[in-house]
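> I need the structure of the sequence given here:
(chains A and B)
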There are 2 protein chains.
Amino acid sequence: MQQHRHARRGAELVFESVRVLIEPKAELPFEVNRSRKKLNLKIDAVLDHRAFSLRNPEYGAVFRVQAEIVRSFAEFLRAEGFLEVHTSKIVAAGTEGGTSLFKLQYFEQDAFLAQSPQFYKQMLVGAGYERVFEVGFVYRAEDHATSRHINEYLSLDFEMGFIQSYQDVTRLENRMLARMMENLRQNCAEEIETLGATLPDVGEIPEVTLTEALEILARDYGRDTAGMADLDPEGERQLCDYAVKSRGSEFIFVSHYPRSGRPFYTMPDPENPELTLGFDLLFRGLEVTTGSQRIHDYDMLVDSIRRFGMNPDNFGFYLEIFGYSMPPHGGLAIGAERLTQQILGLQNVREASFFPRDRFRITP
Amino acid sequence: MQQHRHARRGAELVFESVRVLIEPKAELPFEVNRSRKKLNLKIDAVLDHRAFSLRNPEYGAVFRVQAEIVRSFAEFLRAEGFLEVHTSKIVAAGTEGGTSLFKLQYFEQDAFLAQSPQFYKQMLVGAGYERVFEVGFVYRAEDHATSRHINEYLSLDFEMGFIQSYQDVTRLENRMLARMMENLRQNCAEEIETLGATLPDVGEIPEVTLTEALEILARDYGRDTAGMADLDPEGERQLCDYAVKSRGSEFIFVSHYPRSGRPFYTMPDPENPELTLGFDLLFRGLEVTTGSQRIHDYDMLVDSIRRFGMNPDNFGFYLEIFGYSMPPHGGLAIGAERLTQQILGLQNVREASFFPRDRFRITP
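Predicted structure coming up:
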């Protein structure tokens, strides 16, 4: 029995004898107690032997942190009067338009895996719950094969009624993140240390409009932003660099994206109807949240569906409750794996998913 | 504005004037403030107008109770050292055998929706987490169209390592249910009253073996139990009647089901290898939990897969961690909607699902 060189918990066990209960059936695929850095494994080797690789203290610690992230999200929102909900992941049509859907044979019908609980959480605000949150998988049949995309991810969603502004949503997220990092500091100190991670300080998160963000990229980073209607990955990293250096924050909200790039249910900016009251949250160079104030007026919503080239008749089940009146409302969705990845400085989002599903992988 | 006849919260509002902000776009499908009983709606009418029907205090209260059930489950298990996990719902093969799977087009591959997180939660026990729980949807492509079946349901799963007996699992569930009912009594008193429900007292839950259960049905209920290898719905109701009358409990565990009727990973009874250390929990006439001690020995597990007519080569991703040693372990799964239904005395399990999916329904 190999002795540990560091007595991490302040005590060292000395074995006098060892009795073997079960012999391993095969050679171990790699050494379980070496650091990730020394092992230097390709992500596929880690995932092909997933249960075994989680016995490694570093790979395993990721999910103790993720569980605390999810718990913090839920606990904070419950204390703010949100109801936890679970809405169906089998749907008749997509929420973000018709693309990127996984198709399913549902008895005699065609069905799809839900891209988000968007329609349902809005309907439940209108159903009288006013504030709801959901922790659940969502599905995107996107062809990407990058270190920051998986095709099934855990979405931390909330939706809140009777807001005055989309900033009621961003401010609530700001407070939630501050609490989450406090909880991680208290309850996951050992895992954070094991992973060599640094928790961010969450003060008042700065906000810029997309227009301002593009000006910053042009001015401070020499980017040619002509014609840019969104931030590219490089722009996300540059804006986060700006946020740290000029605003002292590892987080930054970007708001007022153009209407053409946001879903039909996003509230247009009353001061410039080509823009929206939609926002993203960037953290350490990556988008970790998308949210907005939503359209709550029935006629405006029907117009918006048409404007996006879709037929309101196909959205009857969603529109009905708007017809019986809907409060001003807004919400957001956080990718749990991405947030975990960014907090812990993981190289690949797959490290933050127990059994990730990507372009090619459906096992283990 | 219609005045409420009952001042439920001890105060009555008298309106001096009312300003209409939004006119409804359509006639209301039914009166929102009448009792379920007076409305006497068919379940399809309730579900076709789901968001609207939830504005009814009775239909709406169901999900405040369900949220507290789910919260209680998670909170209790966290305090017992369980880690919350989320495992993929897109799988390459079924856990309970090859039937009852929804098929999915996953890029170029065929995939299926998970019937349970069974393999994954066992693998995570073996990964070193030792105790894990999951709250997530599971999928059964079963043809049933009854008041107690839906095809997508919220499964409350846990799995625990280093057990001495399957009764470590049943005892933990017993304590969890006692805490859950306490929480409901404290935190959902108004909803319980609105729904006219009676919470069960949870003392020490009695247990009988299936053999004993069948003897009771024959002796006390005149059933011809020859050849019965499981309880039928009538038998479940009769055994619960027995449990109330003879054992003073609305819950009863039934254990030692025959091996042929339980999944391959169920631990055989060492005293009679034709039986298993598997159990169900019945409550008010319905099965609400299935669980067991699992096979943890690699060779026994491989034999069991073969005995069930399957090929161990197809289970390599699951078997691997057993080959690197696995502790004795067991666990269970509770159907959240069924438990909600039984606690609240709902006529149809669909009332306990926001957006139920059944044989014919995929909207709203």
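> where exactly do the strands run in chain A?
A:83-84, A:90-91, A:103-106, A:109-113, A:131-139, A:152-161, A:207-209, A:251-255, A:268-269, A:272-276, A:278-283, A:286-293, A:329-335 (DSSP state E).
> Close to chain B: what parts of the stretch 151-300 of chain A are there?
A:152, A:154, A:297-298 (CB under 8 Å from any CB of the partner chain). For glycine as for every other residue, the C-beta is placed from the backbone atoms N, C-alpha and C.
> For the nearest residue to residue A:130 once chain neighbours are set aside, list the residues it contacts.
Sequence neighbours aside, residue A:161 is the residue nearest to residue A:130 in space, at 4.3 Å (criterion: CB to CB, 6 or more residues apart in numbering or on different chains). Contact partners of residue A:161, counting by CB atoms under 8 Å, 6 or more residues apart in numbering or on different chains, are A:125-126, A:130-131, A:327-329.
> Just the pLDDT for the nearest residue to residue A:285 once chain neighbours are set aside.
Distances taken as CB to CB, 6+ apart place residue A:237 nearest to residue A:285, at 3.9 Å, with adjacent residues excluded. With respect to pLDDT, residue A:237 has a value of 98.
> Next, count neighbours for residue A:29.
If you count neighbours by other CB atoms under 10 Å in any protein chain shown, residue A:29 ends up with 15.
> Against residue A:81, how distant is the residue nearest to residue A:130?
11 Å (CB to CB, to the nearest Å).
> just residue A:343 next, same as before
26 Å.
> what does residue A:99 give?
Counting by CB to CB, the gap from residue A:99 to residue A:81 is 36 Å.
> can you check residue A:17 too?
58 Å.
> Settle it for me: which of residue A:343 and residue A:81 has more neighbours?
Comparing residue A:343 with residue A:81 by other CB under 10 Å, the one with more neighbours is residue A:343, at 28 against 10.
> Need the strands of chain A in CSV (columns: distance to residue B:91).
Output for the strands of chain A, formatted as CSV (distance: least, CB to CB, whole Å):
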stretch, distance to residue B:91
strand A:83-84, 25
strand A:90-91, 15
strand A:103-106, 13
strand A:109-113, 13
strand A:131-139, 13
strand A:152-161, 11
strand A:207-209, 41
strand A:251-255, 36
strand A:268-269, 42
strand A:272-276, 38
strand A:278-283, 31
strand A:286-293, 27
strand A:329-335, 22
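> With mean pLDDT added, can I get these in a markdown table?
Shown next, in a markdown table, are the strands of chain A (pLDDT from 0 to 100):
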| stretch | mean pLDDT |
| --- | --- |
| strand A:83-84 | 98 |
| strand A:90-91 | 96 |
| strand A:103-106 | 94 |
| strand A:109-113 | 94 |
| strand A:131-139 | 98 |
| strand A:152-161 | 98 |
| strand A:207-209 | 98 |
| strand A:251-255 | 98 |
| strand A:268-269 | 98 |
| strand A:272-276 | 97 |
| strand A:278-283 | 98 |
| strand A:286-293 | 98 |
| strand A:329-335 | 98 |
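> closest one to residue A:363 among those strands?
strand A:152-161 (13.2 Å; CB to CB).
> from the chain's centre, how far out does that closest one sit?
8 Å (CA atoms, centre = their mean, to the nearest Å).
> Okay, buried residues for that strand please.
Within strand A:152-161, the residues that qualify as buried are A:152-161, counting by 16 or more other CB atoms under 10 Å in any protein chain shown.
> Same question for stretch A:106-121.
Quick answer for stretch A:106-121 (16+ other CB under 10 Å): A:106, A:111-121.
> cool, and stretch A:42-51?
A:43, A:46-51.
> do stretch A:345-360 as well
A:346, A:348-359.
> Can you dump the C-alpha atoms of it in PDB for me?
The C-alpha trace of stretch A:345-360 is given here as PDB (Å, rounded to 0.1, in the frame of the first residue of the first chain):
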ATOM      1  CA  GLY A 345     -10.700  26.900 -14.900                       C
ATOM      2  CA  LEU A 346     -11.400  23.600 -16.600                       C
ATOM      3  CA  GLN A 347     -10.000  23.300 -20.200                       C
ATOM      4  CA  ASN A 348     -13.000  21.400 -21.500                       C
ATOM      5  CA  VAL A 349     -16.700  21.700 -20.600                       C
ATOM      6  CA  ARG A 350     -16.900  17.900 -20.800                       C
ATOM      7  CA  GLU A 351     -15.000  17.700 -17.600                       C
ATOM      8  CA  ALA A 352     -18.000  19.400 -15.900                       C
ATOM      9  CA  SER A 353     -20.500  16.800 -17.200                       C
ATOM     10  CA  PHE A 354     -20.600  13.300 -15.700                       C
ATOM     11  CA  PHE A 355     -21.600  11.600 -18.900                       C
ATOM     12  CA  PRO A 356     -21.300  14.300 -21.700                       C
ATOM     13  CA  ARG A 357     -23.100  14.000 -25.000                       C
ATOM     14  CA  ASP A 358     -21.300  15.500 -27.900                       C
ATOM     15  CA  ARG A 359     -21.300  15.300 -31.700                       C
ATOM     16  CA  PHE A 360     -19.900  11.700 -31.500                       C
END
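> Any part of that stretch near chain B?
Yes - Stretch A:345-360 lies within reach of chain B by CB under 8 Å from any CB, at A:353-357, A:359-360.
> Just the closest of those to chain B, please.
Set against chain B, the nearest of the residues of stretch A:345-360 next to chain B by CB to the nearest CB is residue A:355 (4.2 Å).
> now residue A:212: how far from chain B?
34 Å (CB to the nearest CB, to the nearest Å).
> residue contacts, residue A:29?
A:45, A:48-49, A:52.
> Run a quick neighbour tally on the closest residue to residue A:59 other than its chain neighbours.
Excluding its sequence neighbours, the residue lying closest to residue A:59 (CB to CB, 6+ apart) is residue A:53, at 4.9 Å. Look at residue A:53: counted by other CB under 10 Å, it has 22 neighbours.
> contacting residues around residue A:53?
A:30, A:41, A:45-47, A:59.
> Need the max-distance pair from those residues.
Maximum distance among the contacts of residue A:53 (CB to CB): 12.7 Å, for A:30 and A:47.
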